[in-house]
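>>> need a structure here:
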Amino acid sequence: MARMTWTGLTIAAGLLLAGLPAVAQDTWPSRPVRLVVGFPAGGPTDIPARIIAERMRTQLPQPVVVENRTGAGGRIAMDHVLSQPRDGHTLLVCTYIDALNSMSASRPYALSELAPISQITRAYYAIVVPKDLPAQDLAAFVALAKARPEGLSFGHVGAASMPNLVARMFEGKAGIRMVEVPYRGTPPVLQDLIAGRLQFFVGPLVNTMPLAQAGQVRVIGMTSPERLSVGPDYPTLVEQGMDLVAYGWLGICGGAGIPRAVVERVNRLVVEAVASPEYRTAVEGTGAGAVSSTPEALAALMAETVTQYGAVIRAHNIPME
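Below you'll find the predicted structure:
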């Protein structure tokens, strides 16, 4: 038998190591993990992030910190995460807006630049109108809108926001047109709706349900596929004959190239956090539902978001800057 040289031993050892799973070679996390949020602290994107970060921290030898990098509809946070090493130490709370931002005319990026890890929330919306509007239900509202072409107005909080996109989808399904009125946030939209200066809003449940239950606005439909426990008396659009289901979502992503073993480990940690009673209670308080997924399912959801709402964006020439 021939004697193996040191060179041969080195090559053999290298080949052996190359065949080991990535998790055996990687010591992730070897430093603090940052979970970047593109929206302000205390909001419906930040709250789930902080609970997940805390629960991950208890399972890891390194800190997990939430870092808010706000602005440009989440684009500042996205750009930062994509500029960092793709090793799993910088993660992002990605949203449906991030998927749609891939269509930006001035700063586009491909969804393939992201490494989806897990969905963490799903949020449906309520269709609300003023309580004194002479339209008690969905059919009556559509009839009123047809009788007053472009005489009714809807509010939204951003060009590619769900309130705008779903309102446009609603117009198409109902065969009506309304006047678009942009706002800087949800509270002023609801103020004008309550006062009767606005006639239609696709609103987050956390904002609309308290007002509906207090009798200040009227819910004429929900965008969920079935009635929700937070509003069991409010019918869905589907059960009223309108084929429209829509929701926003949050997830955990990273930059493409993170080792698969790290993606799988983070996925397990996130799924475990989302299943906790603490997380579910906190997320339901923001008007959303706790939902986790596989990385593949989140990737499919991101692609579906671009397909479904991208068609609306193109049809109405909605600017994506």
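
>>> and the end-to-end length of stretch 58-74?
Length of stretch 58-74, first residue to last, CA to CA, to the nearest Å: 28 Å.

>>> may I see the buried residues of it?
V64, V66, E67, N68, R69, T70, G73, G74 (16 or more other CB atoms under 10 Å). From N, CA and C alone the C-beta is placed, and that goes for glycine too.

>>> stretch 224-244 - what's its average pLDDT?
Stretch 224-244 shows a mean pLDDT of 95.

>>> also stretch 141-153?
92.

>>> same question for stretch 251-259.
Mean pLDDT, stretch 251-259: 97.

>>> for it, which positions count as buried?
G251, I252, C253, G254, G255, I258, P259.

>>> stretch 223-242 now?
T223, S224, L228, V230, G231, Y234, P235, T236, L237, V238, M242.

>>> adding distance to Q59 and secondary structure, write those residues out as a markdown table.
Below are those laid out as a markdown table (distance: CB to CB, whole Å; DSSP: H, G, I helix; E, B strand; the rest coil):
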| residue | distance to Q59 | secondary structure |
| --- | --- | --- |
| T223 | 35 | coil |
| S224 | 33 | coil |
| L228 | 32 | coil |
| V230 | 31 | coil |
| G231 | 35 | coil |
| Y234 | 39 | coil |
| P235 | 42 | coil |
| T236 | 38 | strand |
| L237 | 41 | coil |
| V238 | 40 | helix |
| M242 | 44 | coil |
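
>>> pull the most distant pair out of those residues.
The two members of these with the most space between them (CB to CB) are V230 and M242, at 20.4 Å.

>>> returning to that earlier point: which ones among the buried residues of stretch 251-259 are found in strands?
In strands, defined here by DSSP state E, the members of those are G251, I252, C253, G254, G255.

>>> ok, the fourth one to R34 distance?
Remark: distance between G254 and R34 (CB to CB, to the nearest Å) = 11 Å.

>>> tell me, what's touching those two both at once?
T90, L91 (CB atoms under 8 Å, 6 or more residues apart in numbering).

>>> tell me the mean pLDDT over stretch 279-299?
95.

>>> hey, C-alpha coordinates of that stretch in CSV?
Extracted as CSV, the C-alpha positions of stretch 279-299 are listed here (Å, rounded to 0.1, in the frame of the first residue of the first chain):
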residue,chain,number,x,y,z
TYR,A,279,-47.1,35.8,20.3
ARG,A,280,-50.6,34.9,19.2
THR,A,281,-52.2,37.2,21.8
ALA,A,282,-49.9,40.1,20.9
VAL,A,283,-50.5,39.7,17.2
GLU,A,284,-54.2,39.4,17.5
GLY,A,285,-54.1,42.7,19.4
THR,A,286,-52.8,44.3,16.2
GLY,A,287,-55.7,42.9,14.2
ALA,A,288,-53.7,40.1,12.5
GLY,A,289,-53.4,36.3,12.8
ALA,A,290,-50.3,34.3,13.8
VAL,A,291,-49.3,32.2,10.8
SER,A,292,-46.0,30.5,10.1
SER,A,293,-44.8,28.6,7.0
THR,A,294,-41.9,26.8,5.3
PRO,A,295,-39.4,28.9,3.3
GLU,A,296,-40.9,27.5,0.1
ALA,A,297,-44.4,28.6,1.1
LEU,A,298,-43.3,32.1,1.8
ALA,A,299,-41.5,32.3,-1.5
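
>>> what comes up buried for it?
For stretch 279-299, by 16+ other CB under 10 Å, it's 279, 282-284, 286-293, 295, 298-299.

>>> save the buried residues of stretch 223-242 as JSON lines, and put in distance to A139 too.
JSON lines is the format used below for these (distance: CB to CB, whole Å):
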{"residue": "T223", "distance to A139": "17"}
{"residue": "S224", "distance to A139": "19"}
{"residue": "L228", "distance to A139": "21"}
{"residue": "V230", "distance to A139": "24"}
{"residue": "G231", "distance to A139": "19"}
{"residue": "Y234", "distance to A139": "15"}
{"residue": "P235", "distance to A139": "11"}
{"residue": "T236", "distance to A139": "14"}
{"residue": "L237", "distance to A139": "11"}
{"residue": "V238", "distance to A139": "14"}
{"residue": "M242", "distance to A139": "10"}
